[in-house]
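> Build the 3D model from these lines:
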Amino acid sequence: MTPYVQGMVCSRPLFELCLQGPPHRYVPPLTHKTRNQVTPGRTYRLSVNAIGELLDYSVRGARNYAGHADRLLPFRRYLSAAICTLARPDAIYDMNVDRNREQWMQNERMFALNPAGRIQTKKFRPIGGCRSPAFLAFVDG
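Numbering: from 1, shown residues only. Reported below is the predicted structural model:
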């Protein structure tokens, strides 16, 4: 005997779906991609000469602009911090010598890349010694 549902003749599997209630949307199974699948491979790394050119540019500026080097002071500080700490960009942006943040320990010449009150995550932000004159100019100046 073939069942009737709302005036329609249904096959057995369809009839069972009809008895379950309103039609359900099909949700495909989700599969997560690995980090290697979503992160593009590195194609370029700065050489020591290229880093030297960036530092030179941040000090001298462009040839045609007299005040250009002064405007590049934040860039120079970023480069100095990146070279001296080898930290990730977000850790460099979080660097601050304000006493309330408890990052710069002037007497010990140490710098905590993790500010006070910030939870230490598995992307560990260490405390590093600061002996480089360029970095000391950055934190003391």
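
> Give the burial count for Gln103, as a bare number.
22 (other CB atoms under 10 Å). C-beta coordinates here come from the backbone N, C-alpha and C atoms, glycine included.

> Surely it touches Met110?
No. Counting by CB atoms under 8 Å, Gln103 does not reach Met110; the two are 9.3 Å apart.

> Could I get the full set of strands for this protein?
With DSSP state E as the criterion, the chain has strands at 4-5, 8-9, 104-105, 110-112, 127-129.

> Lowest average confidence across those strands, which one?
Among the strands of the chain, strand 4-5 has the lowest mean pLDDT, at a mean of 48.

> Taking the centroid of this protein, which residue is nearest it?
Asp90 (5.8 Å; CA atoms, centre = their mean).

> which regions of the protein lie under the pLDDT threshold?
Low-confidence segments of the chain (pLDDT under 70): 1-24, 65-67, 134, 138-141.

> in it, which spans are helices?
12-19, 35-38, 48-60, 68-71, 73-85, 89-93, 133-140 (DSSP state H).

> As TSV, these with distance to Pro28 would be great.
Below are the helices of the chain laid out as TSV (distance: least, CB to CB, whole Å):
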stretch	distance to Pro28
helix 12-19	18
helix 35-38	18
helix 48-60	46
helix 68-71	52
helix 73-85	43
helix 89-93	35
helix 133-140	52
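
> Lovely, talk soon.
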